[in-house]
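**Student:** task: produce atomic coordinates for the following.
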Amino acid sequence: MLKRMKETFRELKIKTGKGGLCMIVRQDEEGLSFFEQDRHAHLSGVFAAAWNEDLFAGTAWKDSVCLAVTQHDRGWASLDREIVTDGEKGMPLSFTDYPLKRKISVYKSGVDELLRMDPYSALLVSLHYASFFKGKRDPDGTAFMISEQRRQQQIRKHLGANGPSEEALSFHFDLLQLCDNLSLYLCMNRWGVKKEDEMPWFKNGFPQRLAPLRGRVMEAKFNSANTVTISPYPFLKDAVSVTIPYKYVRMKDVNTTGSKVWNKAYERAPQLYHSIAICR
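**Tutor:** Okay, the predicted model is just below:
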């Protein structure tokens with residue numbers, strides 16, 4: 001199993017190419033921090049791999065789960081390297097405001113690629129993307145969700161009796177979304193932010209209720225710019241450290257707006273790294 005996973009990751013790496021520039025964009029008074037979407041997903045995979053196996057349902061599927069979590073935003077890596085800007089203000093768009101049809105396109109291509117590598121990983125990522133459109137009325141989103149639900153049925157049929165239990169599948173799906181949210185928490189919040197000043201998504205903890213944790217609400221909190229505590233604590237080791245790659249562009253270095261200007265500014269900006277330890 002481990003050998004197969006290493007080969008899978010190696011093949012995925014070869015196909016990555018230059019990578020896409022759908023961004024997590026965080027603004028402060030002086031400029032913008034940019035976090036590439038696909039790189040954020042890789043941080044999520046670190047958390048899944050570090051999870052305490054005593055709190056991991058369906059451990060036989062852990063390699064596939066970790067692959068799904070690590071590569072869940074893989075579709076963005078196939079895009080041309082281009083920052084998309086708001087047509088009205090000419091400012092870079094964060095992933096939440098990215099054009100929907102383009103997002104749906106990369107969601108589908110990401111699942112397509114994973115399906116060729118690992119059907120169960122593809123099932124989890126398909127469930128993840130389809131969940132974005134539950135209860136929504138957008139016709140493009142609804143059509144995508146229905147299409148992915150058909151795909152999910154086909155994958156389940158392929159896995160058959162050898163697939164994980166429904167309990168394990170539910171946990172694996174929740175774990176993917178929780179690790180995704182934890183990575184977003186680290187990127188979207190100002191490092192060292194006070195709890196009351198966090199972005200609203202995470203102030204009251206993460207929405208996932210994992211069965212091995214008895215459904216308790218998991219909360220994260222910055223103790224400093226480089227340390228975050230999380231409770232209940234789900235990892236095997238006492239601390240899990242990650243290094244976040246990003247770029248920072250100061251507003252004063254951008255003399256006008258628009259996609260070309262921001263792309264040039266982004267290309268010129270040095271690659272930066274910020275380390276954070278997740279602790280008890």
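
**Student:** which non-adjacent residue is nearest K194?
**Tutor:** Counting by CB to CB, 6 or more residues apart in numbering, K194 lies nearest to F222, which is 7.7 Å off, once chain neighbours are set aside. (C-beta placed from N, C-alpha, C; glycine too.)

**Student:** and the contacts of the strand or helix carrying the one you found?
**Tutor:** Secondary structure assigned from DSSP states H and E places F222 in strand 219-224. By CB atoms under 8 Å, 6 or more residues apart in numbering, the list of residues contacting strand 219-224 from outside reads 182, 185, 189, 191-195, 202, 204-206, 228-231, 278-279.

**Student:** how far away is the residue nearest to K194 from V228?
**Tutor:** 5 Å (CB to CB, to the nearest Å).

**Student:** which strands or helices does the helix or strand where K157 lies pack on?
**Tutor:** Per DSSP H and E, K157 falls inside helix 139-159. When contacts are defined as 3 or more CB pairs under 8 Å, 6 or more residues apart in numbering; DSSP states H and E, helix 139-159 packs onto helix 100-117, helix 119-131.

**Student:** now do the strands in the protein.
**Tutor:** Assigned by DSSP state E, the strands in the chain fall at 23-27, 31-36, 219-224, 227-231, 239-250, 272-279.

**Student:** what comes into contact with the fourth one?
**Tutor:** Residues from elsewhere that reach strand 227-231 (CB under 8 Å, 6+ apart): 182, 185-186, 218-223, 276-280.

**Student:** isn't A239 up against Y233?
**Tutor:** No: contact between A239 and Y233 fails when scored by CB atoms under 8 Å: they sit 9.8 Å apart.

**Student:** report the beta-bridge partner residues of S231.
**Tutor:** Beta-bridge partners for S231, by DSSP bridges, are E219.

**Student:** ok, it - how many residues close by?
**Tutor:** 13 (other CB atoms under 10 Å).

**Student:** same deal with N52?
**Tutor:** Using other CB under 10 Å, the number of residues around N52 comes to 12.
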